[in-house]
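Novice: Got a sequence here, can you build the structure:
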Amino acid sequence: MLDDIRTMLTATKTWAVVGCSPNPARDSHRIAAMLQQRGFDVIPVNPTADEILGEKCYPSVAAIPEDIAVDVVDVFRRADQAGAHVDEAIARGGVKGVWLQLGVIDPDAAKRAQRAGLLVAMDRCPAIELPRLRTG
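Specialist: Have a look, this model is predicted:
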């Protein structure tokens, strides 16, 4: 998994953040903003918002237009809902990896993603992992 984490954080550009909140106090908002500040393109995914962090928001990964490349699907949802978003990432095609945030643990979804050839991070946070890249 460490190689997958390194690759997603160094060799990808566009992250779809599922469950991205318009509330700046929420972790999903803060992490999406941090990714933007680090040079990643962020596509917020939230069915209740039109725009987050100055970016058009989509109700689902499937609703993101096909002409927009998505490299990583970053999931900020409860573990029992994560698998559906992993399946969306697999079905979309062209997605390189799925990132399940801290506390989001779904081994079956991770295995499906790996079988489909996707990189996987589970129960991890990019804000914690990015600084580790410089020390490891």
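Novice: Report the central residue of this protein.
Specialist: Centroid-nearest residue in the chain: residue 74, 1.2 Å away (criterion: CA atoms, centre = their mean).
Novice: which element is that residue on?
Specialist: Assessed by DSSP states H and E, residue 74 sits inside strand 72-75.
Novice: beta partners of the residue nearest to the centre of the chain?
Specialist: Per DSSP bridges, the residues bridged to residue 74 are residue 17, residue 99.
Novice: and the strand holding residue 74, what other elements does it pack with?
Specialist: Under the contact criterion of 3 or more CB pairs under 8 Å, 6 or more residues apart in numbering; DSSP states H and E, strand 72-75 touches strand 14-18, helix 27-37, helix 79-92, strand 97-100. Every residue, glycine included, has its C-beta placed from N, CA and C.
Novice: Run through this structure and note the low-pLDDT ranges.
Specialist: 134-136 (pLDDT under 70).
Novice: re earlier: isn't the residue nearest to the centre of the chain right up against residue 15?
Specialist: Yes - Residue 74 is within contact range of residue 15, at 5.1 Å (criterion: CB atoms under 8 Å).
Novice: Now for those two: what residues contact both?
Specialist: 32, 35, 99 (CB atoms under 8 Å, 6 or more residues apart in numbering).
Novice: For stretch 49-59, buried residues please.
Specialist: 49, 52, 53, 57, 58 (16 or more other CB atoms under 10 Å).
Novice: Look up the closest residue to residue 15, ignoring the ones flanking it.
Specialist: residue 72 (4.6 Å; CB to CB, 6 or more residues apart in numbering).
Novice: can you pull the contacts of that neighbour?
Specialist: 8, 12, 14, 15, 16, 95, 96, 97, 98, 99, 119.
Novice: Would you format those residues as CSV with neighbour count included?
Specialist: Formatted as CSV, these follow (neighbours: other CB atoms under 10 Å):
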residue, neighbour count
8, 24
12, 19
14, 17
15, 25
16, 28
95, 25
96, 20
97, 24
98, 32
99, 29
119, 22
